[in-house]
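1. coordinates for the following, if possible.
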Amino acid sequence: MRTATRDEPLIESLEVSDRAILVRLVDGRALSIPLEWSWRLSNATPAERANFSISGGGAFVHWPDLDEDLSAQGMLTGTPAPRPEADGSPASLAKSRIRVARKGHEPPRKRSASD
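-> Numbers count the residues shown, from 1 in each chain. Here you go, the predicted structure:
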């Protein structure tokens, strides 16, 4: 096991199951992050989830098929990724709807005060 020479956490290995993102850091810590915390990964196919690269010397992981990037620091702080409806960008909304339609599911409906 190698140890991090910087103060920031670094990813040594990563695995994505159908329920969680499993991360081993170079300092020996292991993390399990619920897959739902990344809406892109939770909507992805197993092949899309398996296609990733660890970059930045272990600081980040990138899924090119999904345009998803997660940092080791972000995984440690435990902040779920905002859904496109939360950030409101038209591009994010369109990507979300295309992926959901491709998988044959209805997109999540926004709730109103009358629901």
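2. dump the residue contacts of A30.
-> Contacts for A30 were tallied using C-beta atoms under 8 Å, 6 or more residues apart in numbering; they are 22-24. The C-beta positions use only the backbone N, C-alpha and C, and glycine is treated the same way.
3. what's the ChimeraX syntax to select whichever of those residues are buried?
-> Here is the ChimeraX selection string for the buried members of the contacts of A30, based on 16 or more other C-beta atoms under 10 Å:
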select :23
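4. determine the number of other residues adjacent to the closest residue to G57 other than its chain neighbours.
-> With C-beta to C-beta, 6 or more residues apart in numbering as the criterion, G57 has its nearest non-adjacent residue at 6.4 Å, and that residue is L10. The tally of other residues near L10 (other C-beta atoms under 10 Å) stands at 20.
5. A50 too?
-> With other C-beta under 10 Å as criterion, A50 counts 12.
6. for it, grab phi and psi.
-> With angles defined as degrees, to the nearest 10, A50 sits at phi -80, psi -20.
7. just the one 4 residues further on next, same as before
-> Its backbone dihedrals place I54 at phi -90, psi 130, with angles given as degrees, to the nearest 10.
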